[in-house]
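# Next input, structure requested:
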Amino acid sequence: MKSAYELAMERLQPEGPTVTLTDEQRAQLAEVDSLYQSKVAEKEVFLSDLIAKAMAKTDFNEVVQLEEQKRREIARLEEKREEEKEKLRKSWSAS
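Okay, the predicted model is just below:
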């Protein structure tokens, strides 16, 4: 089974060399994904609880702020995840 990265690379460079990952490399990428998925889930649960409390108080300004904070923090975590995965990929190509 190919990762999303491998599929995207194939689409971008159909005639170029394909990237084949070892099982260990796939496992490392999956570990990074798993770690960041859990961090995203943690943020979603925490901020969703705060949003629900703000809605119960009918403080809609706070709801909007919390929803924006949730969106920013999830985007930041996803960006960090991709940076970590790219560091791994670069370390493999340097070897």
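
# Mind telling me which residue is nearest the centre of this protein?
Computing the C-alpha centroid of the chain and ranking residues by C-alpha atoms, centre = their mean puts E78 first, at 3.1 Å.

# quick one: low-confidence parts of the chain?
13-18, 95 (pLDDT under 70).

# Do a quick rundown of the helices in it.
4-12, 23-56, 60-94 (DSSP state H).

# now the angle from the second one to helix 60-94?
Helix 23-56 and helix 60-94 meet at an angle of 170 degrees, taking axes from the mean of the first three to the mean of the last three C-alpha atoms, to 10 degrees as the criterion.

# chain center to helix 23-56: distance?
Remark: helix 23-56 is offset 8 Å from the chain centroid, using C-alpha atoms, centre = their mean, to the nearest Å.

# If you count contacts, what does it end up packed against?
Using 3 or more C-beta pairs under 8 Å, 6 or more residues apart in numbering; DSSP states H and E as the contact test, the elements touching helix 23-56 are helix 60-94. Where C-beta positions appear, they are placed from N, C-alpha and C, glycine not excepted.
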